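Participant: just need the structure, nothing else, for what follows:
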Amino acid sequence: MEDSKPLKDAWSDHSRLWENNIWVYPVISRRAEGLSIGINLNLDKICSFDCVYCQVDRKIPGPPQRVDIAAIQKELKLIIGEYESNGLASFTNFSQIDASKRQIKDIALSGDGEPTMIKEFTAVCKMLLEVQENYSQYNLKLTLITNSTLLNQKRVQEGLRYLTQKNGEIWAKLDAGSEEWFQKINISPYHLKHIQKNIEEAILQFPIRIQSMWCSYNGELPSSTEIDLYINRVQNIYFKNPKNFLGVQLYTVVRQTARPNVLSVPKEFMEHIAQLIQKEIPVNVKIYE
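Facilitator: Residues are numbered from 1 along each chain as shown. The predicted structure is shown next:
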């Protein structure tokens, strides 16, 4: 069943650990709608955001480690090999999940920090294109999940040209309409106007999907004014290049957060936002609760 307990448990458990792997891990992803192979480039937990809803506890630093592209490629092959052998059914976390929910969908740069911060980002993207071509029978999508702080850098854009060459996407975080709510939820040295500008410029070149986390924090929900400001930002991004605007993902908290007092919002709350978005622009909006 779609709402079976094993499936919900898998959605809420995005552990970065699998067997003896260091960099690469499998998850059952709501947004990928199946098996997503994650790559954690930020073992040191360094990020340009410190989101209140993040499950990564940044008070406990991770070990500094040089990104080993050959090791990442080897671990990818191990996981895909296990998938080809038994659909990863031997993995304890997936053993009770129906095979239809374990269909391989993508390889995603998503881990304990912001993937674009690492200096090897371009080389990693180039390697992923090779892996994608080697396993073309699965029509794998390559996905960058990013907070967009560095999308304006040339080295990042060079990497994205590899990543998006064949069925690749950028999932760009946009959680706020105002600077006040942005700093309350995302906590960053960057300003929201910088994030907005980066996404608007990136969509001129690359396919982008907006992903937005909605939650309450310390008993406070985003106001109607906050939601209106957010929708205005989504509109501005859309009109920069409608062809490259893939849609909007609205989701809420399902995993344990590092900070207390972060709670999910009702589905009706997100449905209201979806209706307001679609009233202004003709885009696909998906809700994940």
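Participant: contacting residues for Ala172?
Facilitator: Residues in contact with Ala172 (C-beta atoms under 8 Å, 6 or more residues apart in numbering) are 146-148, 151, 199, 202, 208-211. For every residue, glycine as well, the C-beta is placed using N, CA and C.
Participant: how about 7 Å then?
Facilitator: Contact partners of Ala172, counting by C-beta atoms under 7 Å, 6 or more residues apart in numbering, are 146, 148, 199, 208, 210-211.
Participant: in strands, which of those residues appear?
Facilitator: 146, 208, 210-211 (DSSP state E).
Participant: ok, which pair from those residues is furthest apart?
Facilitator: Thr146 and Ile210 (11.4 Å; C-beta to C-beta).
Participant: coming back round to it: now, which of the ones in strands among the contacts of Ala172 sits nearest Asn218?
Facilitator: For the ones in strands among the contacts of Ala172, the nearest to Asn218 is Gln211 (22.9 Å; C-beta to C-beta).
Participant: count residues in the vicinity of the closest residue to that closest one other than its chain neighbours, would you?
Facilitator: Of all residues not flanking Gln211 in the chain, Gln249 sits nearest, at 4.3 Å (C-beta to C-beta, 6 or more residues apart in numbering). The number of residues packed near Gln249 is 18, by other C-beta atoms under 10 Å.
Participant: my guess is Gln249 is in a strand, correct?
Facilitator: Yes: counting by DSSP: H, G, I helix; E, B strand; the rest coil, Gln249 is part of a strand.
Participant: contacting residues for Ile185?
Facilitator: Per C-beta under 7 Å, 6+ apart, neighbours of Ile185: 51-52, 175-176, 217.
Participant: do a quick rundown of the helices in the chain.
Facilitator: Assigned helices in the chain, in chain order: 5-12, 69-86, 121-134, 154-163, 179-185, 192-202, 224-240, 267-280 (criterion: DSSP state H).
Participant: low-confidence regions, the chain specifically.
Facilitator: 1-19, 32, 92 (pLDDT under 70).
Participant: try 90 this time
Facilitator: Along the chain, the model assigns pLDDT under 90 to residues 1-21, 26-35, 55-66, 82-83, 85-103, 111, 254-256, 258, 289.
Participant: okay, which residue is most central for it?
Facilitator: Nearest residue to the geometric centre of the chain (C-alpha atoms, centre = their mean): Ile145, 3.5 Å.
Participant: these two touch, right, Ile46 and Met117?
Facilitator: Yes: Ile46 is in contact with Met117 according to C-beta atoms under 7 Å; the separation is 6.2 Å.
Participant: which one's more surrounded, these two?
Facilitator: Met117 (19 against 16).
Participant: quick one, what contacts the more buried one?
Facilitator: Met117 neighbours (C-beta under 7 Å, 6+ apart): 46, 48, 150.
Participant: how near is the nearest residue to Asp68 once chain neighbours are set aside to Cys125?
Facilitator: Nearest non-adjacent residue to Asp68, counting by C-beta to C-beta, 6+ apart: Trp23, 7.4 Å away. In this view, Trp23 and Cys125 are 15 Å apart by C-beta to C-beta, to the nearest Å.
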